[in-house]
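Q: Everything below, folded, please.
(2 chains)
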Amino acid sequence: QKEVEQDPGPLSVPEGAIVSLNCTYSNSAFQYFMWYRQYSRKGPELLMYTYSSGNKEDGRFTAQVDKSSKYISLFIRDSQPSDSATYLCAMTAQGGSNYKLTFGKGTLLTVNP
Amino acid sequence: GAGVSQTPSNKVTEKGKYVELRCDPISGHTALYWYRQSLGQGPEFLIYFQGTGAADDSGLPNDRFFAVRPEGSVSTLKIQRTERGDSAMYLCASSLGGGGETQYFGPGTRLLVL
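A: Take a look at the predicted model:
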């Protein structure tokens, strides 16, 4: 079993829909949780960064972390065609190896106009 | 300001050849990372530099892979005797310091070994 599991999709939604993306993980040492967006043939771009459990909102994006269930989510409201990309969850532990990002496989999202 | 840059953007080589991939981090960033992303997978950690030294090279798959950062800025990932299984996107990232700070990724070098 991989440390981070993410459904690769693909996920196709109409413009304006609410999108829900999620990851589960097995390593209870993970404390920092990130969502990256990656357009085709480009490097990942950081969208959201959260520490431990709770919610964080930034514009149309909301990140949720539930450490008791080892489950994280990213919600996109009023989705736009420009949101079409692969979304990668990433996480890292606290302490000595907190620089080492562990990624999910990524979920390919298409928002149709 | 300028982000992380990587050259070349694409590299095609033949099995058994030697390749070098270059990364220019964001100016002033002391930490630099290499990741490898195979098709349909998330990036996997290869190596972490703090300054000139490799603080953690535990992700390098075998001794054909080597990376340097001689002056604490530009880094080169070197792959000897390339194999078809080395074909992947090689991503470089940098951060202001180490220790969990936000990592900013470059556009990657797509390596294809024929």
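Q: from chain A, which residue is nearest to chain B?
A: Of all residues in chain A, A:Phe103 sits closest to chain B, at 3.0 Å by C-beta to the nearest C-beta. Backbone N, C-alpha and C define where each C-beta goes, glycine included.
Q: Tell me how many other residues surround that residue.
A: The local packing of A:Phe103 (other C-beta atoms under 10 Å in any protein chain shown) involves 24 other residues.
Q: try B:Ser73
A: Other residues close to B:Ser73 by other C-beta under 10 Å number 17.
Q: Same question for A:Pro14.
A: Using other C-beta under 10 Å, A:Pro14 has 9 neighbouring residues.
Q: thinking again about what came up before, let's verify the nearest residue in space to the residue of chain A closest to chain B that is not next to it in sequence: helix, strand, or coil?
A: Sequence neighbours aside, B:Gly42 is the residue nearest to A:Phe103 in space, at 3.0 Å (criterion: C-beta to C-beta, 6 or more residues apart in numbering or on different chains). Judged by DSSP: H, G, I helix; E, B strand; the rest coil, the three-state class of B:Gly42 is coil.
Q: okay, which residue is most central for chain B?
A: For chain B, the residue sitting closest to the mean C-alpha position, by C-alpha atoms, centre = their mean, is B:Trp34 at 3.4 Å.
Q: my guess is that one meets B:Phe65, correct?
A: No. Here B:Trp34 lies out of contact with B:Phe65, judged by C-beta atoms under 8 Å, at a distance of 9.0 Å.
Q: what sits in contact with each of these two?
A: Residues touching both B:Trp34 and B:Phe65 (C-beta atoms under 8 Å, 6 or more residues apart in numbering or on different chains): B:Leu46, B:Leu77.
Q: In terms of helices and strands, where is the residue in chain A sticking out farthest from the centre?
A: When each C-alpha in chain A is compared with the mean C-alpha position (C-alpha atoms, centre = their mean), A:Gly96 comes out farthest, at 23.5 Å. Assigned by DSSP states H and E, A:Gly96 falls within no helix or strand.
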